[in-house]
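**Q** With the input below, show me the fold.
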Amino acid sequence: MANVQVTEVGSQVSFTMQVGDSLLKGMEVAGARIVGIGCRGGGCGLCKIHILRGDFELGKMSSLHISDSDRSLGYVLACRCFPKSNIDFRLTKKPDSRYRL
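**A** Here you go, the predicted structure:
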C-alpha cells in the first residue's frame, strides 16, 4: 500500500502514514499525539483540523462540528479524513499539553 507524508505546520511535526487509513489513525500509529482523541467516529469534534494542502476523501462528520461552509474551507475531523496525497494541516485550537509528542 502507498504512503503519504503528513505535516502539522504549526509545530512542524511530520509523519508518514498509509493511504486508506484515517488521518487520526495515521497519527496514532506514528505516535504523533497532535490532536485530542474522542469518539473516532466523527461525532465529538475533538480532532478538528484545517487542511491547507493535499487531496483527501471524507467520511460522515457531525454537522455540529463541521458545517458545509467549514468543509468547503478545508476544516475536517481527522478521524473522518482519508489522505490520498501528502497533507499539510493546522490545528484549529491549541492542544492540551498531554497531546504533544
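
**Q** Run through the helices of this structure in chain order.
**A** Using DSSP state H, the helices of the chain run over 23-30, 68-72.

**Q** Tell me which of the ones you listed lies nearest to residue 36.
**A** Closest to residue 36 of these, according to CB to CB: helix 23-30, at 9.9 Å. Bear in mind the C-beta positions are built from the backbone N, C-alpha and C, glycine included.

**Q** pLDDT score for the residue lying closest to residue 32 once chain neighbours are set aside?
**A** Counting by CB to CB, 6 or more residues apart in numbering, residue 15 is the residue found nearest to residue 32 once chain neighbours are left out, at 4.8 Å. At residue 15 the predicted local confidence, pLDDT, stands at 97.

**Q** repeat for residue 37
**A** Per-residue confidence (pLDDT) for residue 37: 88.

**Q** Tally up the residues packed near it, please.
**A** Around residue 37 sit 15 other residues, with neighbours defined as other CB atoms under 10 Å.

**Q** picking that back up, including mean pLDDT and distance to residue 10, could the helices of the chain go into a markdown table?
**A** A markdown table is the format used below for the helices of the chain (pLDDT from 0 to 100; distance: least, CB to CB, whole Å):
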| stretch | mean pLDDT | distance to residue 10 |
| --- | --- | --- |
| helix 23-30 | 95 | 14 |
| helix 68-72 | 93 | 19 |
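
**Q** Just name the most buried of those.
**A** Here the criterion is mean neighbour count by mean count of other CB atoms under 10 Å, and of the helices of the chain the winner is helix 23-30, at a mean of 20.

**Q** Contacts for it next, please.
**A** Contact partners of helix 23-30, identified using CB atoms under 8 Å, 6 or more residues apart in numbering, comprise 6, 15-18, 21, 33-35, 37, 40, 47, 49, 56, 76-79, 81-83, 87, 89.
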